[in-house]
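K.L.:
Sequence and predicted structure below; questions after.
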Amino acid sequence: MNIAVLGSGTIGQSWCALFLAAGHRVVAYDPDPAAEERIIAFVEASRPALESLGYQFAGSTEQFRFSRSAIGAVEDAQFIQENAPEKTNLKHQLFSEIEPHLEPEALILSSTSGITLEELQAGLSDAGRIVIAHPFNPPHLIPLIELLGNDRTDPLVMKRVLTFYESLGKVPVELKKSVPGHIANRIQAVVWQEALHLAQEGVASLSDIDKAIANGPGIRWSIYGPNQLFSLAAGDSGLEGFIEHLGPSFQSWWSSAGHVEFDAKTMEMVRNQLPKDDQDLDAMKRYRDELLVKILRAKFAMEGHGKSN
Ligand SMILES: NC(=O)c1ccc[n+]([C@@H]2O[C@H](COP(=O)([O-])OP(=O)(O)OC[C@H]3O[C@@H](n4cnc5c(N)ncnc54)[C@H](O)[C@@H]3O)[C@@H](O)[C@H]2O)c1
């Protein structure tokens, strides 16, 4: 398949690595002339992890081309993964440039984190051509893709998009309506707010709160989400039984959950409790990425998605 990647920064280069690893032809566009070298280096650096996850990388170097124009990237592409900066006007400008040159069946898949589908559609004469396909960073590794179409999207288009991401070994989920932040970022935001609130209240340090999450619910959340996990925690009575048993406690915790602002007090706490100069950030990133691949390998093998089967 021919895939165009528009905007090849943090997210775009990671998509390039995944598409190439899955055996597709990729043409990337970015106005930054240094991007070509950066993408090639990123793809090479990602290769061992992706190969260990079962991706074949059939002839990846020959399958990759960098285009100095957006039009040159989209001609002949069936899917256009758009990862330009998060500015509506800029994305609209890009769409108006490429739209006359798209193949009749080509679809634009936008990685946007915060621009609504309606806002994106306003930049196209054919609104049915665009779907939000929001990855979780880094897209070449994290399985989740949040998809959003609307009443202007043909159901067959959504089906095509779902099938496309599944074929890449991803786990697409479909939102039924637009909401700022989609699903996963909203949930992360709420959890993070409570973590900061607990630290502000002096309940525990930020690093102990992180330990509590990473060694408790975080491990389980990579197996099932909270709804399914709680339904397994009340014998045979499922989620309803769990709510009967522990619902009142949860409700009282919800009503005492905190609200946090990024004001001077919060910033001072962050500076004092997690001083960046005391941490070997590079070593921690290496550890995070190595362990992530090991977890993904186990998950893909058990669940039968990814490319390891
Ligand atoms: N960073 C994340 O964690 C994350 C996660 C999910 C989705 N997203 C979304 O992905 C998109 C890109 O974010 P990012 O973090 O990769 O940003 P980034 O700044 O790292 O990369 C953006 C790239 O777009 C290029 N660019 C500038 N003008 C352009 C134009 N007119 N046309 C095409 N490309 C252009 C820049 O040179 C840069 O390389 C945004 O819509 C963002 O919301 C980001």
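P.N.:
That came in fine, so what should we check first? Numbering: from 1, shown residues only.

K.L.:
Once you drop chain neighbours, what's closest to Phe95?
P.N.:
Using Cβ to Cβ, 6 or more residues apart in numbering and skipping the chain neighbours, the partner closest in space to Phe95 is Gly123 (4.3 Å). (C-beta placed from N, C-alpha, C; glycine too.)

K.L.:
Hmm, Ile98 and the one you found touching each other?
P.N.:
No: using Cβ atoms under 8 Å, Gly123 makes no contact with Ile98, being 10.5 Å away.

K.L.:
Neighbour count for those two, which is higher?
P.N.:
Ile98 (25 against 20; other Cβ atoms under 10 Å).

K.L.:
where's the more buried one, which helix or strand?
P.N.:
Using DSSP states H and E, Ile98 sits in helix 88-98.

K.L.:
Show me how this protein divides into domains.
P.N.:
2-175, 184-278 (automatic domain parsing).

K.L.:
what about these, which gets the closest to Phe300?
P.N.:
Closest of those to Phe300 is domain 2-175, at 6.5 Å (criterion: Cβ to Cβ).

K.L.:
closest to the ligand out of the domains of the chain?
P.N.:
Proximity to the ligand (Cβ to the nearest ligand atom) singles out domain 2-175 among the domains of the chain, at 1.9 Å.

K.L.:
starting at the chain centroid, how far to the closest one?
P.N.:
Its chain's C-alpha centre and that of domain 2-175 lie 12 Å apart, by Cα atoms, centre = their mean, to the nearest Å.

K.L.:
Could you confirm whether it reaches the ligand?
P.N.:
Yes: interface with the ligand: domain 2-175 contributes 6-12, 30-32, 35, 83-86, 90, 94, 111-113, 134-135, 137 (Cβ under 6 Å from any ligand atom).

K.L.:
Would you mind listing which of these are buried?
P.N.:
Among those, the ones that count as buried by 16 or more other Cβ atoms under 10 Å are 6-8, 11-12, 30, 35, 83-84, 94, 111-113, 134-135.

K.L.:
of all the residues you listed, which two lie farthest apart?
P.N.:
The span of those, defined through Cβ to Cβ, is set by Ala35 and His134 at 21.6 Å.

K.L.:
quick one: secondary structure of Val26?
P.N.:
Secondary structure state of Val26, per DSSP: H, G, I helix; E, B strand; the rest coil, is strand.

K.L.:
So which residues of the stretch 101-250 of the chain form helices?
P.N.:
Taking DSSP state H, counting those that start in this stretch, the helices of the stretch 101-250 of the chain run over residues 117-121, 155-167, 184-200, 206-214, 217-221, 226-231, 238-255.
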